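Colleague: sequence and predicted structure below; questions after.
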Amino acid sequence: MSEFGERLTNLRESKGWSKTYVAKAIGLSSMQTYANYEYGRREPDFSTVNKLANLFNVSADYLLGRKTDSERTADLDDDDVIFTYQGKLLSDEDKALIKRLMNGKD
């Protein structure tokens with residue numbers, strides 16, 4: 001099962017809804033079409049993803065498995081990441097201070 005299918009299944013089951021209910025709620029003529037989304041056998045078009053997101057009150061990004069900003073992490077030693085605070089770039093000295101503070105060395 002795909003991550004998309006797992007998320008659909010979990011959302012539907014958490015609401016206590018049947019596959020038939022969800023299929024009808026988003027305007028599908030066949031419950032099997034919706035079931036195939038959960039099983040990972042088919043992928044919905046953009047319009048259907050939007051309908052599903054609205055029905056479950058989640059973002060399309062969530063359904064598609066995209067990480068939110070709060071789920072993304074970066075390491076202070078990563079030179080490919082730009083760190084800012086209040087719109088100003090952190091200097092190497094700033095990063096070193098943060099590391100010392102995080103390690104309990106002031």
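Modeller: Received, thanks.

Colleague: spell out which helix or strand contains the residue most central in space within the chain, please.
Modeller: Centroid-nearest residue in the chain, with CA atoms, centre = their mean: Y62, separated by 3.0 Å. Taking DSSP states H and E as the criterion, Y62 maps to helix 60-63.

Colleague: helices or strands up against that helix?
Modeller: helix 3-15, helix 46-56 (3 or more CB pairs under 8 Å, 6 or more residues apart in numbering; DSSP states H and E). To be clear about C-beta, it is placed using only N, CA and C from the backbone, and glycine gets the same treatment.

Colleague: in it, what counts as buried?
Modeller: Across helix 60-63, burial judged by 16 or more other CB atoms under 10 Å covers L63.

Colleague: kindly report the same for stretch 12-32.
Modeller: Within stretch 12-32, the residues that count as buried by 16+ other CB under 10 Å are 12, 19, 22-23, 26, 28.

Colleague: L28 and N36: what is the separation?
Modeller: 10 Å (CB to CB, to the nearest Å).

Colleague: N103 too?
Modeller: Counting by CB to CB - N103 and N36 are separated by 51 Å.

Colleague: next: F4.
Modeller: On the measure of CB to CB, F4 and N36 end up 11 Å apart.
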